[in-house]
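S.K.: Just the structure for this:
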Amino acid sequence: MDLGRHPRIGVWAAAAVLAAVPALAGCSADSGPDRGGTTTSAGVPAAPLTAVRAAAPAAPAVDGPADPAAAKAQVEKNWAAFFDSKVSVAKKAELLQNGEFLEPLLSGFAGTTDAAVSSAEVTDVVFTAPTEARVTYDLLLGGIPVLPQTEGTAVLEDGVWKVSAKTLCALVELSGSEDTGLLGVC
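M.R.: Coordinates of the predicted model:
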């Protein structure tokens, strides 16, 4: 995780470690006056470890979109449309990050026999930032999974959740197809 984007995580982690060290230093099965309790090196009863864990601040949840349910629905809908063979290249370009620049690449693949029977089914969406999500999906050819549980990313661009250019380029590499002459775009 990039601590530059979430500087408080480092502070919270340090606070949790500092809070746990005194309690752990005094923990021992044979410490304390009745041999069952824990004391610090100063002889003061230490808080149980569970109390220290409860008192330590929890790591913050990764910032996601303001409405995760609506964003997830849009990711799933747009992902399915992007991989739908019935959707035009122009519409697919609208659902692809920087699609206006990658439309020639999409056109090159649109005429292949695999493109005519391809589709995708999203199985999971996990938001990693307000404008990015990790998408797990099955890539299907003729309804049969050929790349099950594949991971890609969706990005929020101009208010629309789109398939990332990185995801498309990874698929281009996997295809091994060089007949489009556009692999340099990726």
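
S.K.: in stretch 122-141, what's buried?
M.R.: Of the residues in stretch 122-141, those buried under the neighbour-count criterion (16 or more other Cβ atoms under 10 Å) are 122, 125, 127, 132-133, 135, 137-141. (Glycine included, C-beta is placed from N, CA and C.)

S.K.: from those, which two are the most distant?
M.R.: Greatest spatial distance among those (Cβ to Cβ): Phe127 and Leu141, at 28.7 Å.

S.K.: Which segments of the protein make up each domain?
M.R.: 7-55, 68-185 (automatic domain parsing).

S.K.: Compare those and say which comes out lowest on pLDDT.
M.R.: Note on the domains of the chain: lowest mean pLDDT is at domain 7-55, with a mean of 38.

S.K.: if we can go back for a sec, closest one of the buried residues of stretch 122-141 to Thr167?
M.R.: The nearest member of these to Thr167, counting by Cβ to Cβ, is Val135 at 7.7 Å.

S.K.: right, and the closest one touches Glu151 too?
M.R.: Yes - taking contact to mean Cβ atoms under 8 Å, the distance of 7.0 Å between Val135 and Glu151 places them in contact.

S.K.: Please name the nearest non-neighbouring residue to Lys72.
M.R.: Sequence neighbours aside, Val125 is the residue nearest to Lys72 in space, at 4.7 Å (criterion: Cβ to Cβ, 6 or more residues apart in numbering).

S.K.: quick one: contacts for Glu132?
M.R.: Contacts for Glu132 (Cβ atoms under 8 Å, 6 or more residues apart in numbering) come out as 153-156.

S.K.: Could you tell me the end-to-end distance of stretch 79-95?
M.R.: Stretch 79-95 stretches 8 Å from its first residue to its last (Cα to Cα, to the nearest Å).
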